[in-house]
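Engineer: with the sequence up front, the predicted model follows.
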Amino acid sequence: MSYLDKATLKVVGTRPIRPDGVDKVTGRANFGADMVMPGMLWGRIKRSPHAHARIVSINFDKALALPGVKAVIAGGDFPEVTPDRAHVGAAPANLRDLSRNVIARGKALYEGHAVAAVAATSQAIAEQALDLIEVEYQVLPHVMDVEAAMADGAPILHDDMFTAGVEPKPTKPSNVSKVVRFAKGDVEAGFAEADIVIERRYTTQPVHQGYIEPHACVVSVGADGQTTIWSSSQGQFMVRAYTSRIVGADIANIRAIPAEIGGGFGGKTIVYLEPLAYMLSKKSGRPVKMVMSREEVFRATGPAPGAIVEVKLGAKKDGHITAAQSILKYQAGAFQGSPVQQGCICGLAVYDFPNALTVGYDVLSNRPKTAAYRAPGAPIGSYGVESCIDELAEALGIEPLKLREINGAKDGTKATHGVTWNNIGYQKTLEAARASEHLKAPLGPNQGRGIASGYWHNAGGESSAAVHVNEDGTVTVTEGHPDIGGSRASMAMMVAEVLGVPFENVRPVVGDTTSIGFSASTGGSRVTFAGGMAVTQAAQKVVEVLKQRAAVIWDISPEAVEWRDGKAYPAGANAGSFEPLDLATIGNRSARTGGPISAEVQINAQGQGPGFATHICDVEVDRETGHVKILRYTAIQDVGRAIHPSYVEGQMQGGVTQGIGWALSEEYIYDKNGCLENPGFLDYRIPVASDLPMIDTIMIEVPNPRHPFGARGVGEVPLVPPMAAVANAIFNATGMRLRDLPMSPPKLRAAFDAAALPRAAE
Amino acid sequence: MSKHHVTTVINGEPVEFLCEAQQTLLDVLRDELNLTGSKEGCGSGDCGACSVIADGKVVCSCLMLGVEAEGKSITTVEGVAQGDKLHPVQQKFLEHAALQCGFCTPGFIVAAKALLDENKNPTEEETRYWLAGNLCRCTGYDKIVRAVLDAAAVMRGENPRSPAA
Amino acid sequence: MPRLNYTAPATVDEAVKALAGAAGLAKVLSGGTDLLVQLKSGRLKPDLIVDTKRIPGLIGIREEGEFFVIGAATPGVMISANEKLEHAWPGIVEGVDLIGSTQIQGRCSIAGNLCNASPAADSVPPVIAARGVAVIAGPSGKREAPVEAIVTGPGRTSLAKGEFVVEFKIPKPKPRQSDAYLRFIPRTEMDIAVVGCAVNVTLDAGGTCTDARVVLGAVAPTQLVVADAAKALIGHKLDAATLAALDAAAQAACKPISDKRGTIEYRTKVAGVLARRAAAIAFERAAARA
């Protein structure tokens, strides 16, 4: 049965109310911090005030003497995760590094690094106990900037780090964990044949994912080690696996229950609190609740890296690009693993470059370990490349959209990283931009328009799902993916479509690790794709079971039964003349026809389709204050098939807004001691409602044939184009090219003053 | 160590509780009264996830002491619906898909209700500025603003706009 | 375990006694929108909180002869809703209205904004520009002081132990007198002012300025009453030359710092910009008033 033809669909593509919606608008839904367990203690973390320091000693005597304190822990309470045990299954994290990030071993590597923790009978006592924990530090020189960390003589964070990807193998430790490289053709020859070559340098600061819900968990470890973890995360199986490895427990002894999650964007694809709460619970014999403050979220959880992106483009006068080169240096924070590789790949992926070279450096410094943030690595890489494309367009005298039409990737194009595109929608996004109302709208004084494109590869991977027909004919779908953006509605919609029943008859459940099979995390824009594939396959299996049960009831062969519109029908007159049987009838008789009607499916989904987007942004600039106002924004994206269009639009609008914040106002500000000056929403400025206009979305549907409904991942691509779209719009409005994010008012004003452009009349 | 005894009205019901002076109203709602609908997003009055209505004014409950609830009438998100009848703002949030993760939603529901209690016909700009103290990271505010304007229309007795428009 | 004490006195005298007699640090609680933030961050560790909101008159706005009298703990929403005050002093109401979000407005007060003594306080420049006076109660009785005498530096006031602000007396505007307050912030809301500027002018029938006060915020350790800026306006209409002189005077007066909200150069330049823009609004409003 093919569901790729939109015209045949009855549920998929509509906009029902999400099944968890009433709970969320009434305050009934339970997030990470909303759980209580009897006898619960409160845990708090002692954090390093220094950016880089040896931990000489930790003395808990005074803290333990405080009435109400029930347990204390430090790094020594945790087993060593040896390099051979650094990975669990196919999960991406290096657990050796993660373990040392969760609590310091021997050295504090960033301000805010957890050094010890305490559990007490009240929050106030736990807070007081922190002050009584005495930590002696030997402060070490620290390094914050990428190029300073790469330079000879920089303070080294890890004595056992030798740069990978470099020949001959280095013998001196470095802060550069690896160098990656992708090449196509011959860039030197490509630049030589160009009529014009431009070379530019772009810089960005770290930005936080900015989820409104701070990390929170409640963990209860029994005397026999059987453990319940309640936490909000992007993956309960990830929580289970990572905690098990960090604390040294068997996976089967941990039950991880997914709370509703208040935003993640990649920042909750690892653990911070659960292993600490586990150890405190184990030591105290009581459940332990830990909730981060907003300040802790900023000081100690992973942002997206700050970076330097150097781009060189060569082109013929007619606009054909002959060579492209990008050099990316990304901050990894205190442990290796920035997404520099993705930055390298994705920045160039939008174009058909005959010759290209991209090199990326993963550079450590005394900052929090970076974490994934919505298309990790790609927004930064694309900020550089899309800005440089705009600068090239300016230098050539060619319209920016036209330059993309000339050089854009098509089906059959081979990307720099080796993939050949097939069934991609990039050209359609350009066509839609060309045809859009937005592009034709007139602009007034001090107003400008910018265009930028973007790409993200999306992910497939492991998902499990179960579909059960209940005795009354209603349906339960159990899946394993925390619902960050409305995905459980889409799961139910796909099942309803396959079964041919109304959406309201299908209830989706996000199961815990004991109630559904292994499912990889909610991230990589994979849930509607992989999770959706799993629920669809499970529903299709259930249809086969339903047909068999009808056959039993009618005493005919199962081949003589067909399923349509939610009922079993005899397949043709020869099968017999029987009244159709609906789910309620078959469900009610399940015990007598063979037993429970249910199917569970476990897959490792392949064939995820990449996502491409083109964005158009209009700004108005106040030349005297440097303030930038977003006047209008249109996001155009190939979404494959919009299962629930409202939530696809929502992903686009949310990603655009994060990108606007990244472009104009968000940054980490450190003082000269490496301490964060703006660990709160007052001075870490994310866009507020009055900063923005309505955000228009154009969804292009080039179905992905590898998914039963044609779905592609949609959630991450929207963050890739906005920074360059805004920068290009500012250039169009003012003639000022800013190459350093955020493009905050003081920077614009300084740029105007430096260029001494005539000011707008008062 | 004696605590403060507070008598107040929450969601129309008389309530008494004990609290320390330094406990905020948010702490009391969540940790003493099990009203966990109001959320802590920042603890410093910058995100609005803890919004409640106190004597008719929408405020951040994280910036109010529990003891200050004495003699006041407080409405939390749990008190916005009447039984199983959703407030138009809640209904429109659902129809317009004005929530994704849902964490900021209680704060927005309370703040939006307060807006519409005071201004029956807010413009888009007035709505955005009224809600500027409620941070959302998921939606970009577009569908939230549409939902609030649509709820206002319903409350004025006008034909609601279709969410898909 | 250190314990925070709380009291909500019913009279001014009780409040004075509580503040004066406190063994450790005592802080007044009006709206709490600065105090609670500082309490929770650990920046302030008071022993006693004195909640003044139950004292009659501390919340409310009334007219007494030639003055508006605003209770010290009156929340922003009440100030913004007062049509007479808004008509008389739109700049003061603008300044109050800019203190934070709708939720903050439900609680914040001019007294808190003033006595928190941040150079960036939004309500303070326009109140100073209008020649507002603070009425202070203390162990020695009541006294009055011009609002600009209260803040002595970031986080510091001239109030003695046991003293607190009871109300503000703001003279009503003369004919053809009005004000305006503008601030610069990076977003459109929710930021602390990078620069704030209040302009209060009186015009004659021909539109020439006969009296002026220009007050800058966030560009010095305290609010600045910029005498040279007033001089640039008095005796002049608001033409290009006057605006240029005003801009220069405002910039010259600035003594800002570079911090996470703005650099010295930026704040100085924007002070000039805001002075011009606020003056334009104030002149327009004043001219419209007979």
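Structural biologist: On my side now, so go ahead.

Engineer: in terms of pLDDT, where does residue 230 sit?
Structural biologist: With no chain named, the answer covers chain A. Per-residue confidence (pLDDT) for A:Trp230: 98.

Engineer: was after chain C, sorry
Structural biologist: 98.

Engineer: near chain B, which residues of chain C?
Structural biologist: Contact residues (C-beta under 8 Å from any C-beta of the partner chain) of chain C with chain B: C:1, C:3-6, C:8, C:29, C:31-33, C:36-37, C:39-41, C:49, C:51, C:53, C:75, C:77, C:100-104, C:106-107, C:188-190. All C-beta atoms are positioned from the backbone trio N, CA, C, and that covers glycine.

Engineer: next, check those against the helices and list the overlap.
Structural biologist: Within the residues of chain C next to chain B, residues falling in helices by DSSP state H are C:Leu36, C:Val37, C:Leu39, C:Lys40, C:Ser41, C:Val77, C:Thr102, C:Gln103, C:Ile104.

Engineer: please list which of the residues of chain C next to chain B are also close to chain A.
Structural biologist: C:Met1, C:Ser41, C:Thr188, C:Glu189, C:Met190.

Engineer: skip ahead from the longest helix belonging to chain A and say which helix or strand is next.
Structural biologist: If you go by DSSP H, chain A has its longest helix at helix A:532-554. Sequence-wise, the next helix or strand downstream of helix A:532-554 (DSSP states H and E) is strand A:561-564.

Engineer: list the residues that contact residue 65.
Structural biologist: Just so you know, I chose chain A. A:Leu132 (C-beta atoms under 8 Å, 6 or more residues apart in numbering or on different chains).

Engineer: right idea, wrong chain: chain B
Structural biologist: Residues in contact with B:Leu65, defined by C-beta under 8 Å, 6+ apart, are B:Ala21, B:Gln22, B:Gln23, B:Thr24, B:Leu25, C:Tyr6, C:Leu29, C:Gly32, C:Leu36, C:Ile49, C:Asp51.

Engineer: of those residues, closest to chain A?
Structural biologist: Checking the contacts of B:Leu65 against chain A by C-beta to the nearest C-beta gives B:Gln22 as the nearest, at 7.6 Å.

Engineer: the closest one against C:Leu39, yeah?
Structural biologist: Yes. Between B:Gln22 and C:Leu39 there is a contact at 6.7 Å, judged by C-beta atoms under 8 Å.

Engineer: mutual contacts of the two, please.
Structural biologist: Shared contacts of B:Gln22 and C:Leu39, counting by C-beta under 8 Å, 6+ apart, come down to C:Leu4.

Engineer: show me which residues of chain C sit near chain A.
Structural biologist: By the rule C-beta under 8 Å from any C-beta, the part of chain C lying against chain A is C:1, C:41, C:184, C:186-192, C:194, C:240, C:243, C:260-263, C:265-266, C:269-270, C:273, C:276, C:280.

Engineer: quick one: low-confidence parts of chain A?
Structural biologist: A:1, A:757-762 (pLDDT under 70).

Engineer: need the helices for chain C, in chain order.
Structural biologist: C:12-21, C:35-41, C:76-81, C:83-88, C:90-97, C:102-105, C:110-115, C:124-129, C:227-233, C:240-253, C:264-288.

Engineer: out of the ones you listed, which comes closest to B:Trp130?
Structural biologist: helix C:102-105 (5.2 Å; C-beta to C-beta).

Engineer: ok, and what's touching that closest one?
Structural biologist: B:45, B:48, B:51, B:58-60, B:63, B:111, B:114-115, B:130-133, C:31, C:33, C:75-77, C:80, C:97, C:99.

Engineer: 6 Å instead, please
Structural biologist: B:Gly48, B:Ser51, B:Val58, B:Val59, B:Cys60, B:Trp130, B:Gly133, C:Thr33, C:Gly76, C:Val77 (C-beta atoms under 6 Å, 6 or more residues apart in numbering or on different chains).

Engineer: are any of the residues of chain C next to chain A buried, and if so which?
Structural biologist: Among those, those classed as buried by 16 or more other C-beta atoms under 10 Å in any protein chain shown are C:184, C:186-192, C:194, C:243, C:261-263, C:266, C:269-270, C:273, C:276, C:280.

Engineer: what ranges do the helices span in the stretch 501-650 of chain A?
Structural biologist: Under the criterion DSSP state H, counting those that start in this stretch, the stretch 501-650 of chain A contains helices at A:532-554, A:583-588, A:590-593, A:645-664.

Engineer: and the nearest residue to C:Val215 once chain neighbours are set aside, how far is that from C:Gly155?
Structural biologist: Leaving aside its chain neighbours, C:Val215 sits nearest to C:Pro125 (4.0 Å; criterion: C-beta to C-beta, 6 or more residues apart in numbering or on different chains). Distance of C:Pro125 to C:Gly155, computed by C-beta to C-beta, to the nearest Å: 18 Å.

Engineer: measure stretch A:356-376 end to end?
Structural biologist: Across stretch A:356-376, the terminal residues are separated by 21 Å (C-alpha to C-alpha, to the nearest Å).

Engineer: now do that stretch: distance to the chain's middle.
Structural biologist: 14 Å (C-alpha atoms, centre = their mean, to the nearest Å).

Engineer: is that stretch in proximity to chain B?
Structural biologist: No. Shown here: stretch A:356-376 not in contact with chain B (C-beta under 6 Å from any C-beta of the partner chain), separated by at least 10.5 Å.

Engineer: let me see the contact set for the residue nearest to C:Gly262 when sequence neighbours are not counted.
Structural biologist: Once flanking residues are discounted, C:Gly262 sits nearest to C:Val194: 4.2 Å by C-beta to C-beta, 6+ apart. By C-beta under 6 Å, 6+ apart, C:Val194 lies in contact with C:Phe184, C:Arg261, C:Gly262.

Engineer: nearest to chain B among the residues you listed?
Structural biologist: Nearest to chain B among the contacts of C:Val194, with distances taken as C-beta to the nearest C-beta, is C:Arg261, at 14.4 Å.

Engineer: contacts only, for the closest one.
Structural biologist: C:Val194.

Engineer: 7 Å instead?
Structural biologist: With contact set as C-beta atoms under 7 Å, 6 or more residues apart in numbering or on different chains, C:Arg261 has these partners: C:Ile192, C:Val194.

Engineer: in the stretch 401-550 of chain A, what residue is nearest chain C?
Structural biologist: Counting by C-beta to the nearest C-beta, the stretch 401-550 of chain A gets nearest to chain C through A:Asn446 (14.4 Å).

Engineer: A:Val621 is in contact with that residue, correct?
Structural biologist: Yes. If you go by C-beta atoms under 7 Å, A:Asn446 and A:Val621 touch, sitting 5.2 Å apart.

Engineer: picking that back up, who does the longest helix of chain A touch, helix- and strand-wise?
Structural biologist: Other elements packing on helix A:532-554 under the criterion 3 or more C-beta pairs under 7 Å, 6 or more residues apart in numbering or on different chains; DSSP states H and E are strand A:461-469, helix A:487-499, strand A:561-564, strand A:567-570, helix A:583-588, helix A:590-593, strand A:597-605.

Engineer: then it to PDB, C-alphas only?
Structural biologist: Only the C-alpha atoms of helix A:532-554 are listed here, as PDB (Å, rounded to 0.1, in the frame of the first residue of the first chain):
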ATOM      1  CA  GLY A 532       6.900   7.200  11.800                       C
ATOM      2  CA  MET A 533       8.300   4.300   9.700                       C
ATOM      3  CA  ALA A 534       8.200   2.000  12.800                       C
ATOM      4  CA  VAL A 535       4.600   2.900  13.700                       C
ATOM      5  CA  THR A 536       3.500   2.600  10.100                       C
ATOM      6  CA  GLN A 537       5.100  -0.900   9.800                       C
ATOM      7  CA  ALA A 538       3.500  -1.900  13.100                       C
ATOM      8  CA  ALA A 539       0.100  -0.700  12.000                       C
ATOM      9  CA  GLN A 540       0.500  -2.600   8.700                       C
ATOM     10  CA  LYS A 541       1.300  -5.700  10.600                       C
ATOM     11  CA  VAL A 542      -1.800  -5.200  12.700                       C
ATOM     12  CA  VAL A 543      -3.900  -4.900   9.600                       C
ATOM     13  CA  GLU A 544      -2.600  -8.300   8.500                       C
ATOM     14  CA  VAL A 545      -3.600  -9.700  11.900                       C
ATOM     15  CA  LEU A 546      -7.000  -8.000  11.700                       C
ATOM     16  CA  LYS A 547      -7.600  -9.600   8.300                       C
ATOM     17  CA  GLN A 548      -6.600 -13.000   9.700                       C
ATOM     18  CA  ARG A 549      -9.100 -12.600  12.600                       C
ATOM     19  CA  ALA A 550     -11.900 -11.600  10.200                       C
ATOM     20  CA  ALA A 551     -11.000 -14.700   8.200                       C
ATOM     21  CA  VAL A 552     -11.400 -16.800  11.400                       C
ATOM     22  CA  ILE A 553     -14.700 -15.200  12.200                       C
ATOM     23  CA  TRP A 554     -16.000 -15.800   8.700                       C
END
